[in-house]
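Visitor: Whatever this is, show me its structure:
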Amino acid sequence: MNRRTPFLITYKLLFALLAFSALVTEVATIVDRGVFNAGNFFSFFTVESNLLITVALILSALTLAAGKKSRALDVFRGFTTTLLITVGIGFAILLSGLENVALTAVPWDNTVLHYILPIVAVLDYVIDRPTTRLGFARSLAWLLYPLAYLFYSLVRGSITGWYPYPFLNPNHSSTQEIVIASVGILVLGVLAVLVTTKLSGVRKKI
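Guide: Residues are numbered from 1 along each chain as shown. So this is what the prediction gives:
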């Protein structure tokens, strides 16, 4: 264990706790208002991504504390960082004009989930870079997740009448606007994959 390991472990756990606290606060607030719908809540890409980065930060801290390295964790961290880059930039482009209350039940949660955690994910990835060099072509498979999410959101929305975001809602956006937004998100995802793979280590390429 080198001298900076305690610092790395501490900030990873603290920000994992921050993300988890924001998500729990959201659930508690919505339940208190009597309008909680688990299906809707966990259908937000932001919620899913922040849950995954929380897990990644905790696992990374535990792995560091054990003095071990994990190629599987390197891949998972690259994947979750890609998602959080997409959340941060995608929010700034597509959703930042909306009132916080339309996105989260508590304003500070909006700041944590849409701004702080995406920045933390990138900084953590840069400060504690994966030792496995991640191949760009293979890592593009990570984009199957947002693709599946888009398909799921549109199909579920057509059945329930509820859509997580206005740019996916045909009652709010035209078909052309939905297609443009979806393609834009995937392009952003490709660029995020490029960034995370370029920043990964120089050990055996996967």
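
Visitor: Any stretches of the protein with poor pLDDT?
Guide: The model of the chain has pLDDT under 70 over residues 1, 96-104, 202-206.

Visitor: counting residues per helix, which one in it is longest?
Guide: helix 5-32 (DSSP state H).

Visitor: Now it: buried residues?
Guide: Within helix 5-32, the residues scored as buried using 16 or more other CB atoms under 10 Å are 8-9, 11-13, 15-16, 18-20, 22-23, 25-26, 30. All C-beta spots, glycine's among them, are computed from the backbone N, C-alpha and C.

Visitor: likewise stretch 44-52?
Guide: By neighbour count on 16+ other CB under 10 Å, the buried set for stretch 44-52 is Phe44, Phe45, Thr46, Val47, Glu48, Ser49, Asn50, Leu52.

Visitor: likewise stretch 169-183?
Guide: Applying a neighbour-count criterion of 16+ other CB under 10 Å, one finds Asn169, Ser173, Ile178, Ala181, Ser182 buried in stretch 169-183.

Visitor: likewise stretch 147-159?
Guide: Taking 16+ other CB under 10 Å as the neighbour-count basis, stretch 147-159 is seen to contain the buried residues Tyr149, Leu150, Ser153, Leu154, Arg156, Gly157.

Visitor: Surely Ser70 and Thr63 touch.
Guide: Yes. With contact taken as CB atoms under 8 Å, Ser70 and Thr63 are classed as touching, separated by 5.5 Å.

Visitor: Residues touching stretch 15-27, excluding its own?
Guide: Contacts with stretch 15-27, where a contact means CB atoms under 8 Å, 6 or more residues apart in numbering, come from 36, 41, 47, 50-51, 53-54, 57-58, 61, 104-106, 108-109, 112-113, 116-117, 120, 124.

Visitor: What of stretch 55-74?
Guide: Defining contact as CB under 8 Å, 6+ apart, one finds that stretch 55-74 is touched by 1, 5, 8-9, 12-13, 15-16, 19, 76-77, 80-81, 124, 128, 130-132, 134, 200-201, 204, 206.
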